[in-house]
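[1] okay, here's the prediction I keep looking at, along with the sequence it came from:
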2 protein chains.
Amino acid sequence: MGGTVTSSVTQLDDQEGQDGPSGGALYRQVAADLREAITTGAYGEAGRLPAEGALAERYGVSRGTVRQALAVLRADGLVTSRRGTRRVVLGNARVQSFSELLSFTHWARALGEEPGGRLESLVRRPADAAEREQLRLEPGAEVYVTLRLRTLSGTAVMVERTVYPPHVGVLVAKLPPDVVSHTEHLREHGILFTDADHTIDVVAANAEDAKLLGCRRGAPLLRERRRTTDPTGRPVEWSQDRYLPGTVSFSVHNSMVTSALSRHARTSDD
Amino acid sequence: MGGTVTSSVTQLDDQEGQDGPSGGALYRQVAADLREAITTGAYGEAGRLPAEGALAERYGVSRGTVRQALAVLRADGLVTSRRGTRRVVLGNARVQSFSELLSFTHWARALGEEPGGRLESLVRRPADAAEREQLRLEPGAEVYVTLRLRTLSGTAVMVERTVYPPHVGVLVAKLPPDVVSHTEHLREHGILFTDADHTIDVVAANAEDAKLLGCRRGAPLLRERRRTTDPTGRPVEWSQDRYLPGTVSFSVHNSMVTSALSRHARTSDD
DNA sequence: GGGGCCAAGTTGGCCAGCCAACTTTGTCCG
DNA sequence: CGGACAAAGTTGGCTGGCCAACTTGGCCCC
């Protein structure tokens, strides 16, 4: 069983996406190529991947680089990995890029839907205790709070309440109210999003939610709270998104080796 | 900035947990020690970690091993990581072990609550198309389906419907109905859980849910669907858990380098 | 005082090699 | 025919080294 798989890569080069740091890294190119091969079914449903050494030779890189690439796929849940056997294809789960997950606009476009957004309000006010905690601000600091209704091809699906720290908020405040993607605009102004913590649960719609989304007060909404930080670890956003049921779901993969998911009992916060 | 941090590890040894493979690996011990130091605040709120080289010297390992350890912490969202600067402490987020996330019993005990479970029904029947797809079974295969009501210190919080493939189901069927943790019991019989895919959304309670959980029919429930596989990649469980609102929430960390989370638009599945 | 420049420090990435642990396969023997 | 054993194949883990890319801080000059 040698090289029957039509390897589309002999020398790796070109193509630098806007997503992910140092997309020019060898191991990322190898990972991308293998991901492509796996999702198109080149190795079968539960097939076995070539050995690390074989891949190293095929791509003309060291075994260490191949291992780095395979670690990416393993973390994404595409392949298994255990000592003694070749890696096995787990699934062809489509994993989204980070920006696609953070930006409603990116996500909608990747889905083929037309994202829309209407800015309902934008206020500047002193941060409360919870906000100072989340955004790591000193007492007395001010925050910028936006309220936006998000639509997918015209229909309302989500209410988004975002709290920005001052250095980000001033940029948001200067935006014209019809800008669809705040995230994209902030990136162009040097605000980078690299890490995010998400918490997902269910809440009842309050009066404001109900009016905007067109549902009853008290109707259940899928809530995602998200705190995003920049490369230096400084919080740049604290957002609370409330989705109408049936519009979205969240998927996570985790394994023994990488587990970023956890389950929490409700406490009396918020 | 020398060695002011009281390093509790000069030679790394002893202590093998039941969780995680090869816990004796050096990089895991280093990671565990650093995690401990970070969560106890030894490096401050947004403090900087020692350089890789310094850590390598402190622990008596190579820089590569330290990098492996730090990759774990970075994936857990504990520290940032970018070229040119020392790593910065992101947060002290408590990340659960894998088994704690898969097993309701494990999770409850770690919380200090008393887990309970009542087996409502256990049936063996031919798998439908969706089940064959999820569990990767051939047409005509049978599955074992359990329905369990889960309690936390006496109060009902969740309804669990689990579908097992034959080779796992036979073990479950032999269990006495009062066994609290199926997961633990299965592990003792050689069924290992290593990878899981989770999907989280909201559904309305059906008549059965309502009766068991003591809520209205149509009341919103937080649903987690989970497919678990063993080390070889073979599905061993397909479960659907429905939580009463306000009892639990799910947390995920993701970053530019590791993103296992994704958001999906509802389709007409299920 | 401010801005630009340079050097030191730090992480990202890649390579080559070695051994241990484990799985799988096939052989041999009872 | 079945089980024990041996050998080959494969991944996990660790080391040591090298260079590039990037950040930070200090210095110098205007």
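    Received it, and whenever you're ready, just let me know what you need.
[2] could I get the contacting residues of A:Leu244?
    The contact partners of A:Leu244, taken as Cβ atoms under 8 Å, 6 or more residues apart in numbering or on different chains, are A:156-158, A:213, A:215, A:221-222. Yep, even glycine has a C-beta here, placed from its N, CA and C like the rest.
[3] I meant A:Arg148, not that one.
    With contacts taken as Cβ under 8 Å, 6+ apart, A:Arg148 has the following neighbours: A:117-120, A:159-162.
[4] hmm, try it at 10 Å
    Applying Cβ atoms under 10 Å, 6 or more residues apart in numbering or on different chains, we find A:Arg148 in contact with A:104, A:116-122, A:158-162, A:177, A:182, A:212, A:239, A:241.
[5] over to A:Glu52?
    The neighbourhood of A:Glu52, defined by Cβ under 10 Å, 6+ apart, consists of A:62-67, A:69-70, A:86-87.
[6] let's see 6 Å
    Residues in contact with A:Glu52, defined by Cβ atoms under 6 Å, 6 or more residues apart in numbering or on different chains, are A:63, A:66.
[7] got the residues of the stretch 51-200 of chain A near chain B?
    For the stretch 51-200 of chain A, the contact set with chain B under Cβ under 6 Å from any Cβ of the partner chain comprises A:75, A:80, A:82, A:88, A:90, A:95-96, A:98, A:101, A:107, A:111, A:194-200.
[8] give the buried residues for stretch A:106-123.
    Judged by neighbour count (16 or more other Cβ atoms under 10 Å in any protein chain shown), stretch A:106-123 contains these buried residues: A:106-108, A:113, A:115-117, A:119-120, A:122.
[9] so which of the residues of the stretch 51-200 of chain A next to chain B sit within helices?
    Counting by DSSP state H, the members of those that fall within helices are A:75, A:98, A:101, A:107, A:111.
[10] so which residue of chain A comes closest to chain B?
    In chain A, the residue found nearest to chain B is A:Pro220; the distance is 3.0 Å by Cβ to the nearest Cβ.
[11] quick check on the residue nearest to that residue when sequence neighbours are not counted: phi, psi?
    The spatially closest residue to A:Pro220, leaving aside those adjacent along the chain, is B:Pro220, at 3.0 Å (Cβ to Cβ, 6 or more residues apart in numbering or on different chains). Backbone geometry at B:Pro220, expressed as degrees, to the nearest 10, gives phi -70, psi 140.
[12] need the pLDDT of B:Pro220.
    pLDDT for B:Pro220: 93.
[13] show me what contacts it?
    Taking Cβ under 6 Å, 6+ apart as the contact definition, B:Pro220 lies against A:202, A:220, B:202, B:245.
[14] I'd like those residues written out as CSV, with distance to DNA strand C added.
    Output for these, formatted as CSV (distance: Cβ to the nearest atom of the strand, whole Å):
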residue, distance to DNA strand C
A:Val202, 36
A:Pro220, 41
B:Val202, 37
B:Pro245, 39
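[15] show me what from chain A comes close to DNA strand C.
    Counting by Cβ under 7 Å from any atom of the strand, the positions of chain A adjacent to DNA strand C are A:21-22, A:25-28, A:60-65, A:68, A:82-85.
[16] at which residues are the strands of chain A located?
    With DSSP state E applied, chain A shows strands at A:115-126, A:142-152, A:155-164, A:195-204, A:220-229, A:235-243, A:248-255, A:261-265, listed in chain order.
[17] A:Thr40 is nearest to which of these?
    Distances from A:Thr40 to each of the strands of chain A were compared by Cβ to Cβ, and the smallest falls on strand A:248-255, at 19.6 Å.
[18] would you mind naming what in chain A lies close to DNA strand D?
    Residues of chain A found near DNA strand D, taking Cβ under 7 Å from any atom of the strand as the criterion, are A:49, A:51-53, A:64, A:67, A:70, A:81-87, A:232.
[19] among these, which ones are buried?
    Buried among those by 16+ other Cβ under 10 Å: A:49, A:52, A:70, A:81, A:86-87.
[20] at the geometric centre of chain A, which residue do we find?
    With the centre of chain A defined as its mean C-alpha position, the nearest residue by Cα atoms, centre = their mean is A:Leu101, 2.9 Å away.
[21] pull the contacting residues for it.
    Shown here is A:Leu101, whose contacts under the criterion Cβ under 6 Å, 6+ apart are B:Arg263.
[22] and the gap between it and A:Arg87?
    With distances defined as Cβ to Cβ, to the nearest Å, the gap from A:Leu101 to A:Arg87 amounts to 26 Å.
[23] low-confidence stretches in the stretch 151-270 of chain A?
    Residues of the stretch 151-270 of chain A meeting the criterion pLDDT under 70: A:259-260, A:266-270.
[24] and for A:Ala204, the neighbour number?
    Applying the criterion other Cβ atoms under 10 Å in any protein chain shown, we find 17 residues in the vicinity of A:Ala204.
[25] so what's it closest to, chain neighbours aside?
    Using Cβ to Cβ, 6+ apart and skipping the chain neighbours, the partner closest in space to A:Ala204 is A:Gly218 (4.7 Å).
[26] again with A:Leu55
    Distances taken as Cβ to Cβ, 6+ apart place A:Val66 nearest to A:Leu55, at 4.7 Å, with adjacent residues excluded.
[27] so that neighbour makes contact with A:Glu57?
    No: under the criterion of Cβ atoms under 6 Å, A:Val66 is not in contact with A:Glu57, lying 9.4 Å apart.
[28] higher neighbour count, those two?
    Each of A:Val66 and A:Glu57 has its neighbours counted (other Cβ under 10 Å); A:Val66 has more, 25 against 14.
[29] quick revisit: dump the buried ones among the residues of chain A next to DNA strand D into JSON lines; add pLDDT as well.
    Conversion of these to JSON lines gives the following (pLDDT from 0 to 100):
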{"residue": "A:Leu49", "pLDDT": "95"}
{"residue": "A:Glu52", "pLDDT": "96"}
{"residue": "A:Leu70", "pLDDT": "96"}
{"residue": "A:Ser81", "pLDDT": "93"}
{"residue": "A:Arg86", "pLDDT": "95"}
{"residue": "A:Arg87", "pLDDT": "95"}
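[30] next up, the contacts around the closest residue to DNA strand C within the stretch 151-270 of chain A.
    Here the stretch 151-270 of chain A gets closest to DNA strand C at one residue, A:Pro231, 10.2 Å apart by Cβ to the nearest atom of the strand. Contacts here follow Cβ under 6 Å, 6+ apart; on that basis A:Pro231 touches A:192, A:194, B:82.
[31] what's the domain layout of chain A?
    With automatic domain parsing serving as the domain definition, the record reports that chain A contains domains spanning A:24-95, A:98-243.
[32] can I get those in CSV with distance to B:Thr39?
    What follows is the domains of chain A, written out as CSV (distance: least, Cβ to Cβ, whole Å):
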stretch, distance to B:Thr39
domain A:24-95, 22
domain A:98-243, 15
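[33] which stretch among the ones you listed comes nearest B:Glu138?
    domain A:24-95 (12.1 Å).
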